[in-house]
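**Student:** Quick one: sequence plus predicted model below, questions after.
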Amino acid sequence: MQRVLMQRMRMQRMLMQKILRLSVACSALALIGVKHAHAQASEAESVVQMAVVKELFDAMRAGDSARVRAVFHPQMVSLMSSDVGPDGAGRVRLTPVEAFIKTVGTPHAEVYDERLFNPRVLIDGSLASVWVDYSFLIGPRLSHCGVDVIHIAKVGEAWKIIALSDTRRSTGCQR
């Protein structure tokens, strides 16, 4: 029994490492793509993709897990955050998508309010990348800010979030 559990934990660790490598590669390709993209999407072209992003954060404010879950592609596994630790070293943290949904999609005493600024949207066919500055407030208190990088893919007729990464800091934040 213990051997099976250890093997399962090793498999999960390997899967998380692969997910991390894939997410880093996707983010790097997105950054390269920004340099070589045909053009930033016009406001009219990016309305649908920004509606998906807006729905995620509206659902978070409402504490509605069904609405939060609905914007993610069913095969999305985790979200990734990058920040600088107390020792000054950069670090990356993975959050399983189900844990994220439970945290933000469960009603809480204070509103989780992610405010967005200066969105940039790139679109190529059925793939869009949204780069947007944000400030995250818990009730009236500023928690942190940074940049969200959100990859959205068209699946059938719907646009779904397939990857979400963010940076986090506590200085230089807009409200």
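**Tutor:** Okay, I see it. Quantities reported herein were computed from a predicted structural model and do not represent experimental measurements.
**Student:** Give the phi and psi angles for the closest residue to Val155 other than its chain neighbours, as a check.
**Tutor:** The shortest distance from Val155 to any non-neighbouring residue, by CB to CB, 6 or more residues apart in numbering, is to His73 (6.4 Å). Using the backbone N, CA and C atoms, a C-beta is placed for each residue, glycine as well. Note on His73: backbone dihedrals following degrees, to the nearest 10 are phi -70, psi 140.
**Student:** In contact with His73: list those residues for me.
**Tutor:** For His73, the contact set (CB atoms under 8 Å, 6 or more residues apart in numbering) comprises Ala153, Val155, Lys160, Ile161, Ile162.
**Student:** try it again with 10 Å
**Tutor:** His73 is in contact with Val97, His151, Ile152, Ala153, Val155, Ala158, Trp159, Lys160, Ile161, Ile162, Ala163, counting by CB atoms under 10 Å, 6 or more residues apart in numbering.
**Student:** Out of those residues, which end up buried?
**Tutor:** Among these, those classed as buried by 16 or more other CB atoms under 10 Å are Val97, His151, Ile152, Trp159, Lys160, Ile161, Ile162, Ala163.
**Student:** quick one: which of these sit in strands?
**Tutor:** Judged by DSSP state E, strands contain the following of these: His151, Ile152, Trp159, Lys160, Ile161, Ile162, Ala163.
**Student:** Which two among the residues you listed are spaced furthest apart?
**Tutor:** The distance between the two most remote of those (CB to CB) is 13.1 Å, for Trp159 and Ala163.
**Student:** Common neighbours of these two, please.
**Tutor:** Going by CB under 10 Å, 6+ apart, residues that sit against Trp159 and also against Ala163 are His73, Ile152, Ala153.
**Student:** Arg141: which of the residues you listed is nearest?
**Tutor:** Ile152 (29.7 Å).
**Student:** How much space separates the residue nearest to that closest one when sequence neighbours are not counted from Gly139?
**Tutor:** Excluding the flanking residues, the one nearest Ile152 by CB to CB, 6+ apart is Ala128, at 4.6 Å. Noted for Ala128: a distance of 32 Å to Gly139, by CB to CB, to the nearest Å.
**Student:** Point out where the chain drops to low pLDDT.
**Tutor:** Along the chain, the model assigns pLDDT under 70 to residues 1-41, 43.
**Student:** Helix, strand, or coil at Asp87?
**Tutor:** coil (DSSP: H, G, I helix; E, B strand; the rest coil).
**Student:** what's the burial count for it?
**Tutor:** Other residues within reach of Asp87, judged by other CB atoms under 10 Å, total 6.
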